[in-house]
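Engineer: Build me a model:
(one chain, ligands or ions: 2)
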Amino acid sequence: MKETIMAIGNGGYNLATDLIAAGLFPDARLIVCDTNEKDLEKNSVNAAESFLLEKPRKSVKSGDTDFVDDIVEKASDSVIVCATLGSMTGSKYAPLIALDAILKGKFVCSFFSMPYGFEGEQKTKRAMNARMQLIASSNLVVQQNNDRLKEVESLGLNDIDKPLVETIKSAMSHKSLEEMAFSVNVDLQEYIPEEYRVKDIPLLWFRNDCYRGITADDRKDVFNLY
Ligand SMILES: Nc1nc2c(ncn2[C@@H]2O[C@H](COP(=O)(O)OP(=O)(O)OP(=O)(O)O)[C@@H](O)[C@H]2O)c(=O)[nH]1
Ligand SMILES: [Mg+2]
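Structural biologist: Numbers count the residues shown, from 1 in each chain. Ligands and ions are numbered 1, 2, ... in the order given. Next up is the predicted model:
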């Protein structure tokens, strides 16, 4: 299935680009979304579509999917949402795009990072809320914990997305994204490369469709908790 990669925010775009550069999704279409006009212009060079988003309100609710409806309309049946959580754009819009896509019956994978600890409690809380929403709106999620990148000595300054990209690459050499999402009794964490398991605790985390059978209303409810 030809994937549509949705790059949300500037870090989301970087992650999407790194995934594409790794050759994992050779036929994918790239859709770039940002609230920042300059970043959008800079990041849209190789995009099939680009969308300037409104600056998000403090908290988005499930009823806000009409903001992203015209974006999701452009996606194929297999959607890969890329965002780096913590700031406003990725944290607010990536979950809404995933929700709208999954409610439209699409297959949704969300790949994202959590912020560094030094960025403060507000960013961490915003990212945790977005993560919860993404889990409820995706068939498969893969998370990278940015705060633990410093524990991997081999990583250079330009390798910020390398653990996430290499983990997805390693997993996809064993299984398709659909197989990862829907297989039962498979420990997806086993696909995380050895160098990213510092002190036996991986910097990354896989979650497959843990809410199998969840209703559309249940998914939406997760957006209306806070
Ligand atoms: N893994 C990774 N994390 C990043 C990258 N860029 C930024 N981050 C992290 O993601 C957080 C969000 O940064 P951005 O992606 O720039 O924010 P945004 O989603 O565009 O949101 P705005 O603040 O509204 O512009 C930062 O606080 C960093 O923790 C990146 O290229 N890769
Ligand atoms: Mg931005």
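Engineer: any idea which element residue 95 lies in?
Structural biologist: helix 88-103 (DSSP states H and E).
Engineer: Measure how buried the spatially closest residue to residue 163 that is not a sequence neighbour is and give me the count.
Structural biologist: Counting by C-beta to C-beta, 6 or more residues apart in numbering, residue 163 lies nearest to residue 196, which is 4.6 Å off, once chain neighbours are set aside. All C-beta spots, glycine's among them, are computed from the backbone N, C-alpha and C. For residue 196, the neighbour count with other C-beta atoms under 10 Å is 24.
Engineer: Over to residue 174?
Structural biologist: Neighbours of residue 174 using other C-beta under 10 Å come to 12.
Engineer: With adjacent residues omitted, what lies nearest to the residue of the chain most remote from its centre?
Structural biologist: No residue in the chain sits farther from the centre than residue 199, which is 25.6 Å out by C-alpha atoms, centre = their mean. Among residues not flanking residue 199 along the chain, residue 151 sits closest, at 7.8 Å (C-beta to C-beta, 6+ apart).
Engineer: circling back to that earlier point, check which element follows the helix holding residue 95 along the chain.
Structural biologist: strand 107-114.
Engineer: Distance of residue 82 relative to residue 221?
Structural biologist: 25 Å (C-beta to C-beta, to the nearest Å).
Engineer: And the pLDDT at the residue farthest from the centre of the chain?
Structural biologist: Here the pLDDT value assigned to residue 199 is 86.
Engineer: do the same with the one 10 residues further on
Structural biologist: Among the per-residue scores, residue 209 shows a pLDDT of 83.
Engineer: and it, how many residues sit next to it?
Structural biologist: 19.
Engineer: Name the SS class of it, please.
Structural biologist: For residue 209, the assignment made with DSSP: H, G, I helix; E, B strand; the rest coil gives coil.
Engineer: From what I see, it and residue 179 are in contact.
Structural biologist: No: the criterion here is C-beta atoms under 8 Å, and residue 209 misses it with residue 179 at 11.4 Å.
Engineer: Enumerate the residues of the chain near ligand 2.
Structural biologist: By C-beta under 5 Å from the ion, the residues of the chain that approach ligand 2 are 9, 10, 36, 89.
Engineer: Tell me where this protein has strands.
Structural biologist: 3-8, 29-34, 49-52, 78-84, 107-114, 140-145, 197-198, 201-202, 204-207 (DSSP state E).
Engineer: In a markdown table: those, plus mean neighbour count.
Structural biologist: Converted to a markdown table, the strands of the chain look like this (neighbours: other C-beta atoms under 10 Å):
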| stretch | mean neighbour count |
| --- | --- |
| strand 3-8 | 28 |
| strand 29-34 | 24 |
| strand 49-52 | 17 |
| strand 78-84 | 28 |
| strand 107-114 | 26 |
| strand 140-145 | 24 |
| strand 197-198 | 14 |
| strand 201-202 | 16 |
| strand 204-207 | 20 |
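Engineer: Export those strands as TSV, with columns for distance to residue 129.
Structural biologist: As requested, the strands of the chain are exported to TSV (distance: least, C-beta to C-beta, whole Å):
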stretch	distance to residue 129
strand 3-8	15
strand 29-34	19
strand 49-52	23
strand 78-84	13
strand 107-114	12
strand 140-145	14
strand 197-198	27
strand 201-202	23
strand 204-207	16
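Engineer: and residue 99, which of the ones you listed is closest to it?
Structural biologist: Among the strands of the chain, strand 107-114 comes nearest to residue 99, with 8.8 Å by C-beta to C-beta.
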